[in-house]
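Asks: Provided below for reference: sequence and predicted model.
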Amino acid sequence: MRALRSDHRQAFTLMEIIIVVMIFLIIAAISIPTIQSTLDDSRVTASGDAVRGKLAEARARAMEEGRTWKFAFIANTGIYQLAPEDSPEWETPSQELDERPDLIRDSLPPGVVFGLSHEDIFNNDTAGQAGAGWEIAAVFTPDGAAVDDALFYFGKPGQAPMRARLRGLTGSVSIETFKAGGTP
């Protein structure tokens, strides 16, 4: 009687396993920077939504309460604050997050900072030293208008930032995205 011979393999060779692992490592090395860039972009976009929302909230509170509210930030950080104009919270630039009926102090997503100019964010690979005090970005009066037109910037250092544009007469806010060339 003849023994049956099977051509069926029982396992992979070490060389086959090494080749497959190397292919996975090459794909990971190529895709991780792309994924990181996408996450950074989404953080900046989320910051734009947060800034627009908080400015709208400051305006709404000014109209509801019949008193002037401010929105401000500490330069080179992601810390911002909303509070009535007469609040004692404006006297010190605290970076501790806090939320009460007459105060909102929060931060943008990690790695996203406020700047006074486009160059403060775009031309630096890292955020500079935190500002010494609150930079008032918007002051909303009880009629819903802002005291002045305003421009301020936020983004990830070393990348094209976003710009918040506040129209004083109407209190409306638009968020503009900069292109690589530095124009909105």
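Replies: Thanks, I have the structure now. Everything numeric in this text was worked out from a predicted model, so none of it was measured. Residues are numbered from 1 along each chain as shown.

Asks: Tell me if I am right that Pro93 is in a helix.
Replies: No - using DSSP: H, G, I helix; E, B strand; the rest coil, the secondary structure at Pro93 is coil, not a helix.

Asks: Where does the residue lying closest to it once chain neighbours are set aside fall, secondary structure wise?
Replies: In space, and not counting its chain neighbours, Pro93 is closest to Gly133: 4.9 Å by Cβ to Cβ, 6 or more residues apart in numbering. (Each C-beta comes from the backbone N, C-alpha and C, glycine too.) For Gly133, there is no host helix or strand (DSSP states H and E).

Asks: quick one: the closest residue in space to Val112 that isn't next to it in sequence from Thr34, how far?
Replies: Nearest non-adjacent residue to Val112, counting by Cβ to Cβ, 6+ apart: Ser47, 4.7 Å away. Counting by Cβ to Cβ, to the nearest Å, the gap from Ser47 to Thr34 is 21 Å.

Asks: neighbour count winner among those two?
Replies: Ser47 (25 against 9; other Cβ atoms under 10 Å).

Asks: Hmm, Met162 and that one touching each other?
Replies: Yes - using Cβ atoms under 8 Å, Ser47 is in contact with Met162, at 7.0 Å.

Asks: tell me the contacts of Asp106?
Replies: Shown in contact with Asp106 (Cβ atoms under 8 Å, 6 or more residues apart in numbering): Ala50, Lys54, Ile79, Tyr80, Leu97, Glu99.

Asks: Tell me how many other residues surround the second one.
Replies: The burial count assigned to Lys54 is 20, neighbours taken as other Cβ under 10 Å.

Asks: So which of the contacts of Asp106 are in strands?
Replies: Ile79, Tyr80, Glu99 (DSSP state E).

Asks: Mark which of these are buried, thanks.
Replies: With burial judged by 16 or more other Cβ atoms under 10 Å, the buried subset of the ones in strands among the contacts of Asp106 is Ile79, Tyr80.

Asks: Take the ones in strands among the contacts of Asp106 and write them to JSON lines, including pLDDT and distance to Arg105.
Replies: JSON lines is the format used below for the ones in strands among the contacts of Asp106 (pLDDT from 0 to 100; distance: Cβ to Cβ, whole Å):
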{"residue": "Ile79", "pLDDT": "92", "distance to Arg105": "7"}
{"residue": "Tyr80", "pLDDT": "94", "distance to Arg105": "7"}
{"residue": "Glu99", "pLDDT": "92", "distance to Arg105": "7"}
